[in-house]
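Enquirer: Sequence and predicted structure, then a few things I'm wondering about:
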Amino acid sequence: MNVLMVTSECAPFIKTGGLADVAGALPGALRPFGIDVRTMLPAYPALMPLVAKGKEVANFGDLPGGPGRVVQVEAEGITLLLLDAPQLFDRRGGPYTHEGGQDWNDNHRRFASLAQAAARISFAGLTGWKPDIVHAHDWQAGLTPVYLKQPGGPVPKTVMTIHNIAFQGRYAAFEGQELGLRWDWFTPDGMEYHGDISFLKAGLAFADRITTVSPTYAREILTPRFGMGLEGLLNARQTVLSGILNGIDTDAWNPGTDPALVQTYDAGSLDGKKANRTEICTRLGLDPDHDGPLFCVISRLTEQKGLDALAGAIPHLVENGGQLAVLGSGAPELEAAFKTAAEDHPGKVGTYIGYDEGFSHLLQGGSDAILIPSRFEPCGLTQLYGLRYGTLPIVARTGGLADTVIEGNLAAQRAGCATGFLFDDVSVAGVSEVLDRAFRTYATPGDWQGMQRAAMSQEVGWDISAQAYADLYKEVLAE
């Protein structure tokens, strides 16, 4: 079976979030099932060295954003199809925003071009290869199923995956003509969204199957609270909607071999975490002799992640004997709040504004627990990394967080299956309450270590999820 993945980012080449990790890991995870994946991705500046090494396999002179060619190249075990359109993608800044932090004003043309190039390749195929399934990821690839429904040849089946429904790719209706979209599909049951075009809604309306990244999130997005205005369409298409949990790369995230750690360890030798904790303290100016739990945050600093509630609970965390290490960037007011907390609580709170992949591994390797108080979380990956590293996740009961963490109540601890702490009230009071539960368990080292070992025994790789995707592909082809 041949599958064309269409995505705007893919680790390790270009990454802003969990979408990249999924796009980077899934092709290899599907290979044992006899599935040949090729991944279509814009040729951003970081990928231009790969473009120079690749082979041109398609050339289009009239994409919505102008001419572009597709270059195929093998890298990091993935077959990439890079859309080389310098006028669209070879520019300084991020994949979606310029250096000022605002969205590129031609994002609609940029990602419509990606989707249309993918559709044309799907119609015509490449030498010796043609997709049976086209798997589009998030709004940036949302027009792919739409273009595939327009005349062009035999149509492969399509799967559309929602990684975060909050980001929908919404643009003015008049852009539709420039993008080559059929006006009669601009309806409430199609791509129309409050008078505009929604790339994500278009993909959800026209794809043969819809997936999202956890079973709980698949149920949540059917409700007004989580559906972000698309719950009506999703309820109408509920029979083709399913949730498949993300996995992680267990080779890259392995506390027994991780080169980013000062000392590696496994479930049988948890003392190895101590040297990593000391290194964290050194880097962030924390007290290395502190004997309370070290909590960490590795996240975008946004209200979606509940980090305003956590910021308000920092005095409670410190007063009860905890330390906090923060790695992330985001809303200026939250960056300022965590910087201020570090100044107000020297030796107890340390903040690194920005992102450092190696330091994120060290934080997982040396912290006792990771805080993820998200108001919504489609899947989440940091809690999976926490499980893998015996860094107990403290999470809000939502989306994939609820699907992957087992509450550390007394019964679960006695059964040896507790792996973290869950709570419902994302507020200062709610965060403080769940911290109190963690403090009580930490005070009994045997109970805490038992939870760490249970966490490290959890299946967090791609095997089960890859099987689910393989089964889904077979089902949609058989329909």
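Expert: Noted; the coordinates are in hand.
Enquirer: Distance of the residue lying farthest from the centre of the chain relative to N276?
Expert: Going by CA atoms, centre = their mean, the residue of the chain most distant from its centre is D289, 35.2 Å out. D289 is 16 Å from N276, where distance means CB to CB, to the nearest Å. Placement of C-beta: from N, CA and C, glycine included.
Enquirer: helix, strand or coil for the residue farthest from the centre of the chain?
Expert: Three-state assignment for D289 (DSSP: H, G, I helix; E, B strand; the rest coil): coil.
Enquirer: where does it fall, phi/psi-wise?
Expert: As for D289, its main-chain torsions (degrees, to the nearest 10) stand at phi -100, psi 0.
Enquirer: what residues are up against it?
Expert: The contact partners of D289, by CB atoms under 8 Å, 6 or more residues apart in numbering, come to none.
Enquirer: ranges for the helices of the stretch 351-479 of the chain?
Expert: 357-366, 382-389, 399-404, 410-415, 428-442, 445-456, 463-478 (DSSP state H, counting those that start in this stretch).
Enquirer: same thing with the stretch 151-300 of the chain?
Expert: If DSSP H, counting those that start in this stretch is used as the criterion, the helices of the stretch 151-300 of the chain fall at 175-178, 199-206, 215-220, 224-227, 231-236, 273-284.
Enquirer: on that earlier part again, can you list the helices of the stretch 351-479 of the chain in TSV and add mean neighbour count and distance to D196?
Expert: Compiled in TSV, those are given as follows (neighbours: other CB atoms under 10 Å; distance: least, CB to CB, whole Å):
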stretch	mean neighbour count	distance to D196
helix 357-366	21	36
helix 382-389	26	33
helix 399-404	24	26
helix 410-415	13	47
helix 428-442	18	36
helix 445-456	18	44
helix 463-478	16	29
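Enquirer: want to throw the ones you listed into JSON lines with distance to G350 and mean pLDDT?
Expert: Below are the helices of the stretch 351-479 of the chain laid out as JSON lines (distance: least, CB to CB, whole Å; pLDDT from 0 to 100):
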{"stretch": "helix 357-366", "distance to G350": "10", "mean pLDDT": "97"}
{"stretch": "helix 382-389", "distance to G350": "18", "mean pLDDT": "97"}
{"stretch": "helix 399-404", "distance to G350": "24", "mean pLDDT": "97"}
{"stretch": "helix 410-415", "distance to G350": "30", "mean pLDDT": "89"}
{"stretch": "helix 428-442", "distance to G350": "17", "mean pLDDT": "98"}
{"stretch": "helix 445-456", "distance to G350": "22", "mean pLDDT": "97"}
{"stretch": "helix 463-478", "distance to G350": "34", "mean pLDDT": "96"}
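Enquirer: Quick one: closest of those helices to N320.
Expert: When the helices of the stretch 351-479 of the chain are compared by CB to CB, helix 428-442 sits nearest N320, at 5.4 Å.
Enquirer: just to revisit the earlier point, would you tell me which one of the helices of the stretch 151-300 of the chain is buried the most?
Expert: Of all the helices of the stretch 151-300 of the chain, helix 199-206 carries the top mean neighbour count, a mean of 27, counting by mean count of other CB atoms under 10 Å.
Enquirer: which other helices and strands contact it?
Expert: Helices and strands touching helix 199-206, as assessed by 3 or more CB pairs under 8 Å, 6 or more residues apart in numbering; DSSP states H and E, comprise helix 107-124, helix 144-149, strand 157-162, helix 231-236.
Enquirer: Note down every partner strand of the helix or strand that the first one is followed by and its orientation.
Expert: So the one you mean is helix 107-124. With elements assigned by DSSP states H and E, the helix or strand that comes after helix 107-124 is strand 133-137. According to DSSP bridges, strand 133-137 forms sheet pairs with strand 2-6 (parallel), strand 157-162 (parallel).
Enquirer: Residues contacting strand 133-137, please?
Expert: Residues outside strand 133-137 that contact it (CB under 8 Å, 6+ apart) are 1-8, 19, 22-23, 115, 118-119, 122, 142, 144-145, 148, 156-161, 163, 203, 207, 473, 476-477.
Enquirer: Could you do stretch 219-229 as well?
Expert: 162, 165-166, 168, 193-194, 212, 217, 230-231, 234-235, 238, 243, 376, 398-399.
Enquirer: if you set the cut-off to 7 Å instead, what comes out?
Expert: Residues outside stretch 219-229 that contact it (CB atoms under 7 Å, 6 or more residues apart in numbering) are 165-166, 168, 212, 231, 234-235, 238, 376, 399.
Enquirer: now swap in stretch 314-328 and tell me
Expert: By CB under 7 Å, 6+ apart, stretch 314-328 touches 280, 284, 286, 290, 292-301, 338, 341, 345, 348-352, 355-356, 359-360, 363, 367, 432, 435, 439.
Enquirer: correct me, but D258 touches Y265?
Expert: No - look at D258 against Y265 with CB atoms under 7 Å: they stay out of range, at 9.4 Å.
Enquirer: Nothing else from me, thank you.
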